[in-house]
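Enquirer: Let me see the structure of the following:
(4 chains)
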Protein chains: 2
Amino acid sequence: MSHGKLVSIPFVFEQPCPIRDVLDRIGDQWSLLLLEVLEHGTMRFSEIERAITDISKQMLSKTLRRLEEDGFVKRTLYPEVPPRVEYELTDLGRSFLTPMKTLIAWANENHQAICEARSEYGAKNGGR
Amino acid sequence: MSHGKLVSIPFVFEQPCPIRDVLDRIGDQWSLLLLEVLEHGTMRFSEIERAITDISKQMLSKTLRRLEEDGFVKRTLYPEVPPRVEYELTDLGRSFLTPMKTLIAWANENHQAICEARSEYGAKNGGR
DNA sequence: CCGTATCCCCGAGGATACTG
DNA sequence: CAGTATCCTCGGGGATACGG
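Expert: Take a look at the predicted model:
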C-alpha cells in the first residue's frame, strides 16, 4: 500500500472536522431517537416525552435545544396559558434522515453478525 | 404504547436495539477514525498510532479490541521478537464503510449549514 | 405545560509508568 | 514493539425539586 501512504487519509484532520462535529451531536444517547420520532410530524414537548418513556425531562430539553441550535429542529412557542411548544424537523433535519436510515438499515442487517462475532470472541477469550 | 399514532415508531424499543448497539460502539471518539484509516489496508499498531497523532496508546488499544470483538477488524499476531501485530478490516468492517461514507458525505455537505445555524442561534440568544 | 437548577454517579478518555 | 496498570479529570445523564 502506497507508502506515499497517509497523505490521502482524510478530512478527519480538518479543523474543525465536520464528521467529529456531527458525530459529537448525533452520537449521544437521544438525538437519533428524537429525530426518528419527529419524522412522524410536529409534536409537543409532552407528546415526545410520552413517546419515549425512559427519557428524563432534562435530557429531552437539552437534546431538543442542541438539535435546534444545529438547525435540525424548529421550536415554536405558542404563548398561551398554559404554554404550548411544538417541535418539528427543518429541511436540514429531514435531509439527515437519508444517511441516518442507511445507517439504521445496515445496523438491522448486520446486528446478527455482530452478536455472533461477540460471542465467538467471548468463547476464545473466555478462559481467563 | 400504541397511541394509534406512535405505533409505527420503531425498532428503537427492540431489546436489544440494533441501532443502540451499533451506535454505542461506533459513536465513540475513535472508532470511525480507525475504520477510515484501516480502509487503506493492513497496518501495524505503531503505524496507526503515528497516523493518528493525538490518540493515546490506551485508547488505541481499547478501541481496536472492541472493533475486533464486534467483528469489524481482524488482529494478527506474529510471534517474532520484537512482536509484530497487524490489523485489517474484515468483510463486515468493509461493509460498514458504505453507510459510514454516506454519513461522512452528508456531514461534509451540510457542515456549513450547521455552523450557520449555530451562529444564528447564538446571535438570537447572545443577549444573556 | 414546559421547562431549569441542583446533586450525584459513572464511564470515556488523557498522562504516565511499567511489562513481555 | 505492543500493549497493561494506575490515577485522574471531565462531561453525560439520571433523580428530584422548583419556577413561569
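Enquirer: Report how many residues lie close to A:Gly41.
Expert: Per other CB atoms under 10 Å in any protein chain shown, the neighbour tally for A:Gly41 reads 12. Glycine gets a C-beta too; all of them are placed from N, C-alpha and C.
Enquirer: Name the SS class of it, please.
Expert: Under DSSP: H, G, I helix; E, B strand; the rest coil, A:Gly41 falls in the coil class.
Enquirer: now swap in A:Lys74 and tell me
Expert: At A:Lys74 the chain is in strand, as set by three-state DSSP.
Enquirer: Test my guess that it contacts A:Glu68.
Expert: Yes: under the criterion of CB atoms under 8 Å, A:Lys74 makes contact with A:Glu68 at 7.1 Å.
Enquirer: if I pick A:Glu120, what's in contact with it?
Expert: Shown in contact with A:Glu120 (CB atoms under 8 Å, 6 or more residues apart in numbering or on different chains): B:Gly71.
Enquirer: Wasn't it part of a helix?
Expert: Yes: secondary structure of A:Glu120 (three-state DSSP): part of a helix.
Enquirer: distance of it from DNA strand C?
Expert: To DNA strand C, A:Glu120 is 21 Å away according to CB to the nearest atom of the strand, to the nearest Å.
Enquirer: What score does that residue have for pLDDT?
Expert: A:Glu120 carries a pLDDT score of 93 in this model.
Enquirer: and what of A:Gly4?
Expert: pLDDT at A:Gly4 comes out at 34.
Enquirer: dump the residue contacts of the residue nearest to the spatial centre of chain A.
Expert: Nearest to the geometric centre of chain A sits A:Leu32, at 2.7 Å (CA atoms, centre = their mean). Neighbour list for A:Leu32: A:Ile26, A:Met100, B:Ile19, B:Leu23 [criterion: CB under 8 Å, 6+ apart].
Enquirer: and of those, the nearest to A:Glu116?
Expert: Distance to A:Glu116, by CB to CB, is smallest for B:Ile19 among these, at 17.9 Å.
Enquirer: host element of A:Glu88?
Expert: Assigned by DSSP states H and E, A:Glu88 belongs to strand A:84-89.
Enquirer: Mind listing what's buried along that strand?
Expert: A:Tyr87, A:Leu89 (16 or more other CB atoms under 10 Å in any protein chain shown).
Enquirer: near DNA strand C at all, that strand?
Expert: Yes: shown here: strand A:84-89 in contact with DNA strand C (CB under 7 Å from any atom of the strand) through A:Arg84, A:Val85.
Enquirer: partners of that strand, with directions?
Expert: Counting by DSSP bridges, the strands paired with strand A:84-89 are strand A:43-44 (antiparallel), strand A:73-78 (antiparallel).
Enquirer: mind listing what the residue of chain A found nearest DNA strand C touches?
Expert: For chain A and DNA strand C, the shortest gap (CB to the nearest atom of the strand) falls at A:Ser46, measuring 2.9 Å. A:Ser46 sits next to no residue when contact means CB under 8 Å, 6+ apart.
Enquirer: Confirm that it sits in a helix.
Expert: Yes: A:Ser46 forms part of a helix when assessed by three-state DSSP.
Enquirer: With A:Glu39 as the reference, measure out to A:Ser95.
Expert: The gap separating A:Ser95 from A:Glu39 is 12 Å, by CB to CB, to the nearest Å.
Enquirer: Equivalent analysis for A:Asp70, please.
Expert: Remark: distance between A:Asp70 and A:Glu39 (CB to CB) = 17 Å.
Enquirer: Can you tell me which residues in chain A are near DNA strand C?
Expert: Contact residues, chain A versus DNA strand C (CB under 7 Å from any atom of the strand): A:44-46, A:57-58, A:61-62, A:64-65, A:75, A:77, A:82-85.
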